[in-house]
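>>> no sequence on this one, just coordinates:
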């Protein structure tokens with residue numbers, strides 16, 4: 001569930017125009033007449049990441065459960081691709097129970113680890129999935 005969540009967040013971040021910025025800082029005027037406002041890239045801004053976290057778990061209904069035949073380990077895989085290409089659904093269980101339990105797990109992770117998710121995703125970091133899903137959580 002954590003890995004699916006990170007995949008969806010990274011995909012959403014990648015879709016944002018890299019030139020798009022947001023003003024951060026205080027809009028108060030300093031005693032010297034200046035303002036301490038900074039423009040930062042919107043894609044990885046705290047405002048954008050917070051907004052994504054509020055709605056990303058809705059995407060979990062686009063996932064199914066796949067069991068590895070040799071290890072019997074269950075993983076979640078997309079059953080609807082982002083770009084419309086055909087997805088191999090062999091051995092994938094798709095039903096409402098899988099989707100709702102994945103959505104619940106996603107919401108629990110997003111709520112409990114919101115600060116960590118924002119911290120990791122606000123910087124373009126390597127191995128976010130491993131660092132967040134295996135080590136931190």
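Everything's here; your move. Because the structure is predicted, anything quoted here is derived from the model rather than measured. Numbers count the residues shown, from 1 in each chain.
>>> contacts and neighbour counts: CA atoms only from here.
Fine.
>>> you'd agree residue 77 is in a strand?
Yes. Judged by DSSP: H, G, I helix; E, B strand; the rest coil, residue 77 forms part of a strand.
>>> who touches it in this structure?
Residue 77 is in contact with 4, 63-66, 92, counting by C-alpha atoms under 8 Å, 6 or more residues apart in numbering.
>>> the helices in the protein, which residues?
2-15, 46-55, 96-112, 114-122, 128-129 (DSSP state H).
>>> what's near enough to touch residue 116?
Contacts for residue 116 were tallied using C-alpha under 8 Å, 6+ apart; they are residue 132.
>>> how close does it sit to residue 85?
When distance is defined by C-alpha to C-alpha, to the nearest Å, residue 116 is 32 Å away from residue 85.
>>> swap in residue 16?
Here residue 16 is placed at a distance of 21 Å from residue 85 (C-alpha to C-alpha).
>>> which of these two has more neighbours?
residue 16 (14 against 8; other C-alpha atoms under 10 Å).
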